[in-house]
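A.B. asks: Model the following, please.
(one chain, ligands or ions: 1)
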Amino acid sequence: MTDTPTQLFIGGAWVDAADGATMAVDDPATGEILCQVADAGPKDAQRAEDAAVAAQEKWARTAPRARSEILRRAYEIIVERTDELAHLMTAEMGKPLAEARGEVAYAAEFFRWFSEEAVRIDGGHGTLPDGRNRMLLSRRPVGPCLLITPWNFPLAMGTRKIGPAIAAGCTMVLKPAPQTPLSSLALAAILKEAGLPDGVLNVVTTSRAGEVCEPLLRGGRIRKLSFTGSTGVGRLLLAQSADAVVRTSMELGGNAPFIVFEDADLDKAVDGAMVAKMRNMGEACTAANRFFVHTSVVEEFGRRLAERMGALVVGPGTRDGVDVGPLIDRNGRGKVEELVADAVERGARVLVGGRTPEGPGCFYPPTVLTGVDPDSRLMDTEIFGPVAAILTFDDEAEVVRRANDTPWGLVGYVFTEGLDRALRVSERLEVGMVGLNTGLVSNPAAPFGGVKQSGLGREGGRVGIDEFLEYQYLAVPVG
Ligand code: NAP
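C.D. replies: Now for the predicted structure:
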């Protein structure tokens, strides 16, 4: 912790907030304060924006290969420092070290992927149908960006935005979540070491998100907002972006259905459920939120899932052998407790877990509920905790209708051994991503994102860089 930056990163320099304000970063495993970091106000955000705007023109003209090599170097440094970064992430966010190492690898991959994409930005040339004009198409960076990230994947949510922005030639102001600023600051230090020019990336840590971000969105100099977080905040930011017609990418909340048909391989379904539910202690937008299990297999599925969930070891993420760390904070845990209490009041049966342990830290045990009433609050709320809520169904058309009966559409999971059914159901689900007989969809090489109120745009994959590029079309008369 001693070497971890705790100041704002503006114009390539580490600086205190103009008014000297700081905010505490807590360890969710103990509730103790880890350290203080700079708490930016609107003046600091203005300076960060000035730095990004000043750096934009030159950065846009930098050779794609140069941008690519900075990302590649940063990828290598992140991989070399996996252990150090994993410890930092576990300290501020709580996830077990093994998961934190996994996130470091996942986060680094975005830099590797976009280092490869930076040199493949294409254009076009052609003759228009009337034969009188040529069309020259080029692609250019959208301009200075505001990037806002959540606390649940502190490193990967940063690299998933910073990677394509660097590759495209955009400059940035990054505002990480106040619970997990340290991973973002460490990332800024790595990018500086990798040769990123001053002002291209600026990081403002703050407890005053609204005051800091709104003027930037309304001011007209920020040309792009890339946001990952809840749908409610996304909606607000879309409205704020409307004034200056800021381009937006929105990676918002989910309410993933996890459907187990009667012909599913239950080994695969239980393995898939463990990943789709328990990755990141259930604190993932992709987390399975509603388990729909065919009546004929629900008992066996529930029993086997409860056995596996009950065998997980809960404790501080730094301790060897721990599978499930604390939730992010008391609010997060309180919400999970309320949702479980509501489901139980409406008749759900607790197969395992369901009781908050005594003592410090924000721990909550892996929990399986069966016989969940469809009107329970956890059916239309992201649980964001280690709670599997199981309902039953009898018929394919019925389960598709119920799975789609939500304003969200990020991801769905389908377990069946029938090819026709697998494809038919996947195509009918109103989601941006489907895990077919698997509980994990995230991959830097695949387009990640949702439909309906789960978001706009895609991150990662071949299309991830498009979010940071504009087309310019030149009409040139044929001589
Ligand atoms: P959140 O409350 O929406 O916050 C996300 C970020 O937005 C934080 O940095 C937050 O800072 C900031 N923010 C909040 N109000 C703001 C405002 N008025 N102006 C500017 N920034 C503002 O979400 P969270 O609790 O951190 O993260 C969990 C949510 O993220 C879940 O809904 C999850 O599904 C979603 N998520 C989605 C994806 C995806 O790819 N689709 C990935 C991960 C997470 P403050 O905390 O200071 O307000």
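
A.B. asks: Now do the helices in the stretch 201-350 of the chain.
C.D. replies: Under the criterion DSSP state H, counting those that start in this stretch, the stretch 201-350 of the chain contains helices at 209-219, 231-242, 266-278, 298-310, 330-345.

A.B. asks: For the fourth one, list every residue counted as buried.
C.D. replies: When you say that, I think you mean helix 298-310. For helix 298-310, a neighbour-count test (16 or more other CB atoms under 10 Å) marks Val298, Phe301, Gly302, Arg304, Leu305, Ala306, Arg308, Met309 as buried. For glycine as for every other residue, the C-beta is placed from the backbone atoms N, C-alpha and C.

A.B. asks: where's stretch 159-178 relative to the chain centroid, distance-wise?
C.D. replies: With CA atoms, centre = their mean, to the nearest Å as the basis, stretch 159-178 stands 13 Å off its chain's centre.

A.B. asks: Quick check: Thr367 vs Val344, distance?
C.D. replies: In this view, Thr367 and Val344 are 10 Å apart by CB to CB, to the nearest Å.

A.B. asks: what is in contact with those two at once?
C.D. replies: Val350, Gly354 (CB atoms under 8 Å, 6 or more residues apart in numbering).

A.B. asks: Which of the two has more residues huddled nearby?
C.D. replies: Thr367 (25 against 15; other CB atoms under 10 Å).

A.B. asks: Leaving out chain neighbours, which residue sits closest to the more buried one?
C.D. replies: Counting by CB to CB, 6 or more residues apart in numbering, Gly353 is the residue found nearest to Thr367 once chain neighbours are left out, at 3.1 Å.

A.B. asks: so the one you found makes contact with Gly310?
C.D. replies: Yes: if you go by CB atoms under 8 Å, Gly353 and Gly310 touch, sitting 7.3 Å apart.

A.B. asks: circling back to that earlier point, and which of the buried residues of helix 298-310 is nearest the ligand?
C.D. replies: Comparing the buried residues of helix 298-310 against the ligand with CB to the nearest ligand atom picks out Met309 as the nearest, at 21.2 Å.

A.B. asks: Quick one: residues contacting that closest one.
C.D. replies: Met309 makes contacts with Met274, Lys277, Met278, Val352, Gly353, Pro366, Thr367, Val368, Pro386, Ala388, as judged by CB under 8 Å, 6+ apart.

A.B. asks: same check, this time on Glu84
C.D. replies: Contacts of Glu84 (CB under 8 Å, 6+ apart): none.

A.B. asks: Let me know whether my guess that it is in a helix holds.
C.D. replies: Yes: secondary structure of Glu84 (DSSP: H, G, I helix; E, B strand; the rest coil): part of a helix.

A.B. asks: So Gly94 versus the ligand, what's the distance?
C.D. replies: Gly94 is 14 Å from the ligand, where distance means CB to the nearest ligand atom, to the nearest Å.

A.B. asks: quick revisit: with pLDDT added, can I get the buried residues of helix 298-310 in JSON lines?
C.D. replies: Shown next, in JSON lines, are the buried residues of helix 298-310 (pLDDT from 0 to 100):
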{"residue": "Val298", "pLDDT": "98"}
{"residue": "Phe301", "pLDDT": "98"}
{"residue": "Gly302", "pLDDT": "98"}
{"residue": "Arg304", "pLDDT": "98"}
{"residue": "Leu305", "pLDDT": "98"}
{"residue": "Ala306", "pLDDT": "98"}
{"residue": "Arg308", "pLDDT": "98"}
{"residue": "Met309", "pLDDT": "98"}
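
A.B. asks: which one among those residues gets closest to Glu116?
C.D. replies: Arg308 (37.5 Å; CB to CB).

A.B. asks: which residue packs closest to the residue nearest in space to the middle of the chain, ignoring adjacent ones?
C.D. replies: Nearest to the geometric centre of the chain sits Met157, at 4.8 Å (CA atoms, centre = their mean). Nearest non-adjacent residue to Met157, counting by CB to CB, 6+ apart: Thr149, 4.2 Å away.

A.B. asks: ditto for Gln472
C.D. replies: Ser138 is the one closest to Gln472 (CB to CB, 6+ apart), at 5.1 Å.

A.B. asks: Check Leu237 too.
C.D. replies: In this structure, Leu237 finds its nearest non-sequential neighbour in Phe227, 5.5 Å apart by CB to CB, 6+ apart.

A.B. asks: The one you found against Cys145, yeah?
C.D. replies: No: with contact defined as CB under 8 Å, Phe227 does not reach Cys145; the gap is 10.6 Å.

A.B. asks: List the contacts of stretch 16-30.
C.D. replies: 7-8, 32-41, 43-44, 47, 91-94, 178-182, 205-207, 315-318, 325-329, 360-362.

A.B. asks: Would you mark the buried spots in it?
C.D. replies: Buried-residue list, stretch 16-30, by 16+ other CB under 10 Å: Ala17, Ala21, Thr22, Met23, Val25, Asp26, Asp27, Pro28, Ala29, Thr30.

A.B. asks: Find the pair from those residues with maximum spatial separation.
C.D. replies: Ala17 and Ala29 (27.5 Å).

A.B. asks: picking that back up, of the buried residues of stretch 16-30, which belong to strands?
C.D. replies: Of the buried residues of stretch 16-30, the ones assigned to strands by DSSP state E are Thr22, Met23, Val25, Asp26.

A.B. asks: ok, the residues you listed vs Thr82, which is closest?
C.D. replies: Comparing every one of these with Thr82 (CB to CB), the shortest separation belongs to Val25, at 21.0 Å.

A.B. asks: gap between that closest one and the ligand?
C.D. replies: 13 Å.

A.B. asks: That residue - nearest residue in space that isn't next to it in sequence?
C.D. replies: Leu34 is the one closest to Val25 (CB to CB, 6+ apart), at 4.8 Å.

A.B. asks: Please confirm that that neighbour is located within a strand.
C.D. replies: Yes: assessed by three-state DSSP, Leu34 belongs to a strand.

A.B. asks: quick revisit: who are the neighbours in contact with the residue nearest to Gln472?
C.D. replies: Contacts of Ser138 (CB under 8 Å, 6+ apart): Gly123, Tyr471, Gln472, Leu474.

A.B. asks: Put together CSV for those, with neighbour count and distance to the ligand on each row.
C.D. replies: Output for the contacts of Ser138, formatted as CSV (neighbours: other CB atoms under 10 Å; distance: CB to the nearest ligand atom, whole Å):
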residue, neighbour count, distance to the ligand
Gly123, 13, 29
Tyr471, 11, 25
Gln472, 11, 29
Leu474, 12, 35
